[in-house]
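Have a look at this fold, sequence not included:
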């Protein structure tokens, strides 16, 4: 993993707004309408080539494929694992978490409106979502039908080959591919105990399977960024609003152990862990403070840790690192720009935020990033596409300003 030895390097969290052709193809796939699979594959390949070039043009040093080939950051998983089948939702299934999520319990009126509209605001003109179920992007629920093993070798190889071709000849510091974790957001899979002695045994089996994907990515020379991890323990307890602090701590510790099991044998210097507090443009009053989870985060066998830092609920948490020492050899990737507001950060604000972090962790241990992805699912675009690129350009410009001062 490259470090900021001569200047502050820049990256982002993973997903970028997909092209119209990809969005239309993924919509047809989602609602089971006819579409040309070969054409969609060609559109994805061309889109990845263009989005990599665009990242380089605006000044991003550590690039990826924008997650263009996937409908979402983890709902691709059943295509790569045996033993999982998507299941229909129950009529009264609480897919939004309204009955148990503390934030939604506190702000019910806000979420009643938010859930109805947030997916539609920045959808590309002319792409209607009227015939797409209004469900959260990670709504897919699964039934366990047998042993879980990895079968996605051809798909991950295609991801790797496409990204290698797209970055050929370009000046990039590093290249990363995102991958889901065993602790995917909210595990509510059915029939687990018909095939595994316990829920934890099932999660360890998922870890063994997903290790094959991580290995393929790192063997290809890329960094792997693991997503939707372990530091939101209430989700691992199915949003149990009454969970005790001890239960939450135990859930988090078990989650870290399972993710580390998945990372066994993976070179630590090729792993980035990305943590966010749900990514939603919502109040965030129930987020766990960074100071409460940072020690668990540092147990994860990764070299770099990406955290939200532009989110106004967490922007002050750079000061946590005055009291918590970043271990030797580790890298911090704070989100210096937000993915949730169409206000483009001023480069001088970007530089100021970077210098705050440099003052507590050291400039060489810092890479400037974004809070979260700009389009974690094909049908959930967080900002207007033109604003996305303006934000990433502001990130690069601010990093240059900060580097001028830090390396004076």
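Done, it's in. Keep in mind it's a predicted model, so treat the numbers as computed, not measured.

give the contact list for residue 407.
6, 7, 363 (C-beta atoms under 8 Å, 6 or more residues apart in numbering). Every residue, glycine included, has its C-beta placed from N, CA and C.

what's the pLDDT at the second one?
It stands for residue 7. Listed pLDDT for residue 7 reads 98.

isn't it right next to residue 398, touching?
No - the pair residue 7 and residue 398 fails to qualify as a contact (C-beta atoms under 8 Å) at a distance of 11.9 Å.

So between the two, which is more surrounded?
residue 398 (27 against 15; other C-beta atoms under 10 Å).

Name the SS class of that one, please.
Classification of residue 398 using DSSP: H, G, I helix; E, B strand; the rest coil returns helix.

contacting residues around it?
By C-beta under 8 Å, 6+ apart, the contact set of residue 398 is 336, 345, 346, 347, 348, 349, 350, 351, 353, 354, 368.

just to revisit the earlier point, just name the closest of the contacts of residue 407 to residue 99, please.
Using C-beta to C-beta, residue 363 comes nearest to residue 99 of these, at 46.2 Å.

For burial, what's the neighbour tally of that closest one?
So residue 363, with other C-beta under 10 Å, has 21 neighbours.

try residue 24
19.

name the element it belongs to?
Residue 24 belongs to helix 20-30 when assigned by DSSP states H and E.

Now do that helix: everything it contacts.
With C-beta under 8 Å, 6+ apart as the test, helix 20-30 has contacts from 18, 33-36, 39-40, 43-44, 47, 68, 71, 123-124, 126-127, 129, 132, 378-379.

What residues of whichever helix or strand comes after that helix count as buried?
Where DSSP H and E defines the elements, the next helix or strand beyond helix 20-30 is helix 37-58. Neighbour-count burial for helix 37-58 flags 40, 43-49, 51-52, 54-55, 58 (criterion: 16 or more other C-beta atoms under 10 Å).

same question, stretch 295-304
Neighbour counts using 16+ other C-beta under 10 Å place 296, 297, 298, 300, 301, 302, 303, 304 of stretch 295-304 among the buried residues.

which residues touch the first one?
Read that as residue 296. Residue 296 makes contact with 230, 231, 252, 253, 256, according to C-beta under 8 Å, 6+ apart.

In helices, which of those residues appear?
Judged by DSSP state H, helices contain the following of the contacts of residue 296: 252, 253, 256.

how far away is the last one from residue 70?
Distance, residue 256 to residue 70, using C-beta to C-beta, to the nearest Å: 25 Å.

Repeat that for residue 141.
Distance from residue 141 to residue 70, by C-beta to C-beta: 18 Å.

Looking only at neighbour counts, state which of the two leads.
Counted by other C-beta under 10 Å, residue 141 and residue 70 do not tie: residue 70 has more neighbours, with 24 against 17.

So for the more buried one, what's the nearest residue that isn't a sequence neighbour?
Leaving aside its sequence neighbours, residue 70 sits nearest to residue 76 (C-beta to C-beta, 6 or more residues apart in numbering; 4.4 Å).

can you check residue 332 too?
residue 361 (5.2 Å).

these two touch, right, that neighbour and residue 327?
No - Residue 361 is not in contact with residue 327 according to C-beta under 8 Å; the separation is 10.4 Å.

These two: which has the busier surroundings?
Neighbour comparison, residue 361 and residue 327: the larger count goes to residue 361, with 20 against 9 (by other C-beta under 10 Å).

mind checking pLDDT for that one?
What the model reports as pLDDT for residue 361 is 98.

same deal with residue 276?
Predicted confidence (pLDDT) at residue 276: the value is 88.

Could you report the neighbour count for it?
So residue 276, with other C-beta under 10 Å, has 24 neighbours.

which ones are touching the closest residue to it other than its chain neighbours?
In space, and not counting its chain neighbours, residue 276 is closest to residue 372: 4.5 Å by C-beta to C-beta, 6+ apart. Counting by C-beta under 8 Å, 6+ apart, residue 372 touches 13, 274, 276, 279, 308, 335, 339, 340, 382.

ok, residue 372 to residue 321 distance?
Per C-beta to C-beta, residue 372 is found 20 Å from residue 321.

cool, residue 267 as well?
From residue 267 to residue 321 the distance is 25 Å (C-beta to C-beta).

Name the residue in those two with the higher neighbour count.
Taking other C-beta under 10 Å, residue 267 and residue 321 do not tie; residue 321 has more neighbours (20 against 16).

doesn't that one fall inside a strand?
No - counting by three-state DSSP, one finds residue 321 to be helix, located in no strand.

Residue 356 is in contact with that one, correct?
No - applying C-beta under 8 Å, one finds residue 321 not in contact with residue 356, separated by 9.4 Å.

ok, back up a step: closest to residue 169 out of the contacts of residue 372?
Ranking the contacts of residue 372 by separation from residue 169, with C-beta to C-beta as the measure, puts residue 13 on top at 25.2 Å.

That closest one reaches residue 274, doesn't it?
Yes - between residue 13 and residue 274 a contact is recorded at 5.9 Å, counting by C-beta under 8 Å.

where do the contact lists of these two overlap?
Taking C-beta under 8 Å, 6+ apart as the contact rule, residue 13 and residue 274 both touch 306, 372.

if we can go back for a sec, format the contacts of residue 372 as a markdown table; extra columns: secondary structure.
Listed next are the contacts of residue 372 as a markdown table, based on three-state DSSP:
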| residue | secondary structure |
| --- | --- |
| 13 | coil |
| 274 | strand |
| 276 | coil |
| 279 | coil |
| 308 | coil |
| 335 | strand |
| 339 | coil |
| 340 | coil |
| 382 | coil |
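
Residue 99: how many residues sit nearby?
Around residue 99 there are 11 residues (other C-beta under 10 Å).
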